[in-house]
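Participant: Predicted model and sequence follow; I will ask about them next.
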Amino acid sequence: MTRIPWWRNAVVYEIYVRSFADADGDGEGDLQGIRSRLGHLRDLGVDALWLTPFYRSPLADGGYDVADYRDVDPRFGTLDDFDALVADVHAHGLRLIVDIVPNHSSDRHPWFQEALAAPPGSPERARYIFRPGRPGERPGEEEPPNDWPSAFGGPAWTRVDDGADGAGGGEWYLHLYAREQPDFNWRNPEVHREFEDILRFWLDRGVDGFRIDVAAGLFKDESFCDLAGRDRRVSNGPIYSRPEVHEVYRRWRQILDGYDGDRMAIGEVWTDGPEDLALYLRPDELHQVFQFDLQLAPWSASAFRDVIDAAMKAVAPTGAAPTWVLSSHDSIRHLTRYEHPAGIPGTERARAKAALLLLLSLPGSAYLYQGEELGLPEVTDLPDEARQDPIFERTGGELAGRDGCRVPLPWSGEAEPFGFSPGGVRPWLPMPPEWAPMTVEAQASDPSSMLSWYREALALRRRLADDLPEDLEWLDSPGGTLYFRRGPLTCALNCGDNPVRLPSGTPLLTSIPLYGDLLPGNTAAWLRTP
Ligand code: BGC
C-alpha cells in the first residue's frame, strides 16, 4: 500500500497563541502555556497544531506584523521555550506547523526603519514598496499613488513623514493591511534570500510545516495601475496571484523537500476561481491551500454540496488533497453563524455538532480552530475600548473586527480568567461570565458535552481513516439533506428542520439519539455502509 503523507488527511488544530493559555501571568497566551496544555490536544485527538505568529512583534495586527522573524516575542516566550515545545509536541505524537508572514513585515522591523531613514531610490527603500504620490485635485494637495484599498479599511498607502529635514522624500509606502504592516518588495532578490533563510531557520528547529500568510499577494503589478472598481482579489489583477509568485513557492518546495520527514506548506490563497488555486498545487509547489468556501457557506445542504463539489474539482487536476475549514481567527465562529433565522434556541449547537461530522468525513484534511471543541460562540458584545483588531479602528468602528473569535479559552473554574491565566490576572480580552459551564474542566467528564462529541468523532475518524478512499460518492437523498459514501463510511446530514429517513447502514455515530430510522432536523449521522 502506498504511504500517505501525514498532511493529506490530517486534522490540524489552529492555536491563536495569544488566546490559548497563559503560563507567565501577563494576560496573554504563550508557548509555555501551550506546552502545559498539550494533554488536552492529545486527548482531543488531532494530528497537528498550527501556531499563529509568535515572533517578535508590536502586535499591531495580533503578531501578523513581524519585527524579527527569527525570534520569539518576549510576551510569548523564548527560543528555548520554542525548542522545548517542538520536542513536547513531537513526544505527544503531534506535528507542528508555524505561520510565516512573507507579504509584509512590521513597521518596527529593522529593514523598514532603515528604509525610512534612507533616501528615495536607496537600496534600503528597495526592500519595500515606495512610490511618489499623485497630485490632488487642489494645488498643493497630494493623493496616494493609486486607488488600492487596505484590506482593513482606508487606503493601502501611507505617506512617509518628511520630518524637519525632509528626509522622507515625499514618498508613500504600500501596505495591503494596516499602516504598521509595510509590504515587502518581492522583486528584490534580497527579500527572497531572507525568507529562504528564515524557512531554514525554523525547519532546522524541527517544524513540520508552514502556513503561508497572504500567499497570493507577494507580487504586485509593476504598473501599479488603479483597480478602478475591480475586486482586489481578482487573480492576475494588479494585486493578487501574479504569475511571478509561483517561482517563489517552487523554490520553497525545494527547500522543504531537502529536509526529511514530510515537511509541508499550506497557503492562505484567496482567489476568484478554482483554476487559479490549482496553479499553487502543482506537485513542485505548495502541498495544500486553504479552501474557505465551506466557511463562507450558509447552513444549506445545496450550498454545502456545491462547495464540496467545487473544492474537489479544484484540486482534482493536481492530485492534491482538499482542505476544509469552518472557523478561524479571521472569521465569525461557526456556532454563531449557524443560529436559526427564527431564533430557535439550541439550533446552533445542534448544527455545529452535525457540521463536525460533515467536516470530518470529507476527503482531505480538516482545520479546526481553538475553542470550537468547546462550542464557543462569537463574543459580540466586547466593549469598544477592549477591541484590538485594526479593522475596528481603520473602519472608524463600522466593522467590529475579529476580536470576538479571539477571546481567550476557558480552561477551568467559575470566573474570569477561567484558568486561562493564573488566578487574579485579567486576560487581554474580557471573557464572558456565561462561559463557566463551557470550560474544558466542566466539559471533560460530561458525555453530552461538545468536547466529548469532538473527542468521539475524532477518535472514530482516526480508526476509520485507513479504510477511506480519497473521493466520495453522492447518494440520493431527500431535499435539504446530503448523503454521501466513502467506502465503509456513509455520512448523512439533515440541514432541514424536519426528520428524514436515514440512508441504509448501521449507525456508528449520531449527533443526537435516533428514533428508529429517522434523522431529526439539524443533525448528522455516520453509518457503516451496508
Ligand atoms: C491573517 C490575518 C492577518 C492578515 C494580515 C491574514 O491572512 O490570517 O489574521 O490580519 O493576513 O497578515
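Facilitator: Sure thing, it's come through.

Participant: Just give the closest residue to whichever residue of the stretch 351-500 of the chain sits closest to the ligand, not the sequence neighbours.
Facilitator: Proximity of the stretch 351-500 of the chain to the ligand (CB to the nearest ligand atom) peaks at residue 402, 6.9 Å away. Backbone N, C-alpha and C define where each C-beta goes, glycine included. Distances taken as CB to CB, 6 or more residues apart in numbering put residue 389 closest to residue 402, at 4.8 Å, once the chain neighbours are dropped.

Participant: What about the one you found, how many residues nearby?
Facilitator: Counted with other CB atoms under 10 Å, residues neighbouring residue 389 total 22.

Participant: Likewise for the one 4 residues further on?
Facilitator: A count of neighbours around residue 393, defined by other CB under 10 Å, yields 17.

Participant: ok so, going back, wait, doesn't the residue of the stretch 351-500 of the chain closest to the ligand sit right on residue 391?
Facilitator: Yes - with contact defined as CB atoms under 8 Å, residue 402 reaches residue 391; the gap is 6.6 Å.

Participant: isn't residue 300 right next to residue 495, touching?
Facilitator: Yes - Residue 300 sits in contact with residue 495 when judged by CB under 8 Å, with a separation of 5.9 Å.

Participant: Specify which residue of those two has the higher count of neighbours.
Facilitator: Neighbour count, other CB under 10 Å: between residue 300 and residue 495, residue 495 has more, with 24 against 14.

Participant: Tell me which residues touch the residue found closest to that one once you drop the neighbours it is linked to in the chain, please.
Facilitator: Leaving aside its sequence neighbours, residue 495 sits nearest to residue 301 (CB to CB, 6+ apart; 4.3 Å). By CB atoms under 8 Å, 6 or more residues apart in numbering, residue 301 lies in contact with 477, 479-482, 493-496.

Participant: Can you add secondary structure, pLDDT and distance to residue 338 and give these back as TSV?
Facilitator: As requested, the contacts of residue 301 are exported to TSV (DSSP: H, G, I helix; E, B strand; the rest coil; pLDDT from 0 to 100; distance: CB to CB, whole Å):
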residue	secondary structure	pLDDT	distance to residue 338
477	coil	98	20
479	coil	96	19
480	coil	98	15
481	strand	98	16
482	strand	98	15
493	strand	98	12
494	strand	98	14
495	coil	98	10
496	coil	97	14
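
Participant: Give me the buried subset of these.
Facilitator: In those, burial by neighbour count holds for 477, 480-482, 493-496, counting by 16 or more other CB atoms under 10 Å.

Participant: Can you add distance to residue 145 and give these back as JSON lines?
Facilitator: Compiled in JSON lines, these are given as follows (distance: CB to CB, whole Å):
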{"residue": "477", "distance to residue 145": "54"}
{"residue": "480", "distance to residue 145": "51"}
{"residue": "481", "distance to residue 145": "52"}
{"residue": "482", "distance to residue 145": "48"}
{"residue": "493", "distance to residue 145": "49"}
{"residue": "494", "distance to residue 145": "53"}
{"residue": "495", "distance to residue 145": "47"}
{"residue": "496", "distance to residue 145": "52"}
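
Participant: List the buried residues in the strand or helix carrying residue 366.
Facilitator: Using DSSP states H and E, residue 366 sits in strand 365-369. Residues 365-369 are the ones in strand 365-369 that count as buried (16+ other CB under 10 Å).

Participant: in its sheet, what does that strand sit against?
Facilitator: The pairing partners recorded for strand 365-369 under DSSP bridges are strand 11-15 (parallel), strand 323-325 (parallel).

Participant: what's the distance between residue 227 and the ligand?
Facilitator: Distance of residue 227 to the ligand, given as CB to the nearest ligand atom, to the nearest Å: 19 Å.

Participant: Show the contacting residues for that residue.
Facilitator: For residue 227, the contact set (CB under 8 Å, 6+ apart) comprises 146-149, 237-239.
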